[in-house]
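Participant: with the input below, show me the fold.
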Amino acid sequence: MKLARVVGTVTATVHHPSYDAQTLLLCEPVDAEGQRTGEVFVAVDRAQAGTGDLVLINAEGGGARQMFGLKPTDKLAIQDVIVGVVDAVSGDA
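Facilitator: Coordinates of the predicted model:
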């Protein structure tokens with residue numbers, strides 16, 4: 001899982017069929033204090049997130065297949081999926 005901040009949206013008229021009817025958001029990985037920790041990447045939104053939201057991202061293919069109701073052997077061209085909008089982060093990181 002990754003913690004990230006949504007920094008924008010992506011529109012693609014030509015794309016892999018896995019992305020049909022999906023919302024694509026630009027996400028910037030952050031630490032528990034909200035400081036940037038890596039490069040911006042694209043994630044599929046399954047949590048109705050928006051620009052500025054702090055989100056939790058499932059960052060592996062098996063979890064993505066589960067989110068889309070697929071079997072472990074099914075193919076999916078999606079890896080990063082926003083699975084929740086984070087209200088607060090607390091505790092030791």
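
Participant: okay, and the helix or strand of this protein with the least pLDDT?
Facilitator: When each helix and strand of the chain is scored by mean pLDDT, DSSP states H and E, helix 61-67 comes last, with a mean of 86.

Participant: quick one, what contacts the closest residue to residue 68 other than its chain neighbours?
Facilitator: In space, and not counting its chain neighbours, residue 68 is closest to residue 76: 6.3 Å by Cβ to Cβ, 6 or more residues apart in numbering. Backbone N, C-alpha and C define where each C-beta goes, glycine included. Counting by Cβ atoms under 8 Å, 6 or more residues apart in numbering, residue 76 makes contact with 18, 61, 64, 65, 68, 70.

Participant: tell me how many other residues crowd the second one.
Facilitator: Right, the one you point to is residue 61. 17 (other Cβ atoms under 10 Å).

Participant: how many neighbours does the closest residue to it other than its chain neighbours have?
Facilitator: Using Cβ to Cβ, 6+ apart and skipping the chain neighbours, the partner closest in space to residue 61 is residue 79 (5.4 Å). Close neighbours of residue 79, defined as other Cβ under 10 Å, add up to 17.
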